[in-house]
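# Pasting the sequence and the predicted model now:
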Amino acid sequence: MNYYGGKELANAFRTVRKNTIQIARDIPEDKYDFKPSPDSRSVKQTLAHIATLTTFPMMLHGERIPIEKIDFQEYMKKVGADEATLQTKSQIVAALQDRGEKFAAMLEGLNDEKFFAETITFRPGAQPPSRTRFDLLLAAKEHEMHHRGQLMLMQRMLGVTPHLTREQQERMARMQAQAAKA
């Protein structure tokens, strides 16, 4: 019995994407070109990358294009060009919302345990050599969370307190105020 299927993946991904969108909104647009180091992605580049990172799982699992039919060099060129079109804060936030919801809707429609258990074998030399579809779908969320951690550090460097920290501070202040009244 599987307790975690398409609906749960979609809900978890929506939560992650909601938090990413909040970060995109919280960082002032005039700081979108900030890079923590010369060889790092900027805020804008990181957000554009996140907005496009569901392209591959949509192809592999949504369109069900066999992995051996995907030309990865061509795919990377298309994704790079797509990222480059996202130049303004409003374009990036819209792409995060629209593409994120399309991906979540696709996830919601996946409920076949056999599909999730199917193994995808990568090209020779890949590590690991194969993964299940479930693991690969979960990896999309993990990939976004990895980059969101980078964005939260960039927020700190820019003097912006991340919203999750602000919310935690507000909860603690309420708890302390209630304890003081008791």
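It's in.
# distance of Glu74 from Arg174?
With distances taken as C-beta to C-beta, to the nearest Å, Glu74 is found 53 Å from Arg174. C-beta coordinates here come from the backbone N, C-alpha and C atoms, glycine included.
# neighbouring contacts of the worst-scoring helix or strand of the chain on mean pLDDT?
Across the helices and strands of the chain, mean pLDDT, DSSP states H and E gives its lowest value to helix 113-117, namely a mean of 91. Helix 113-117 is touched from outside by 2, 5, 110, 132-134, 137, with contacts defined as C-beta atoms under 8 Å, 6 or more residues apart in numbering.
# Just the buried positions in it, please.
Within helix 113-117, the residues scored as buried using 16 or more other C-beta atoms under 10 Å are 115-116.
# quick check, distance from that helix to the centre of its chain.
23 Å (C-alpha atoms, centre = their mean, to the nearest Å).
# Give the next helix or strand downstream of that helix.
Next along the chain after helix 113-117, taking DSSP states H and E as the criterion, comes strand 119-121.
# and that next one, what other elements does it pack with?
strand 130-132, helix 133-157 (3 or more C-beta pairs under 8 Å, 6 or more residues apart in numbering; DSSP states H and E).
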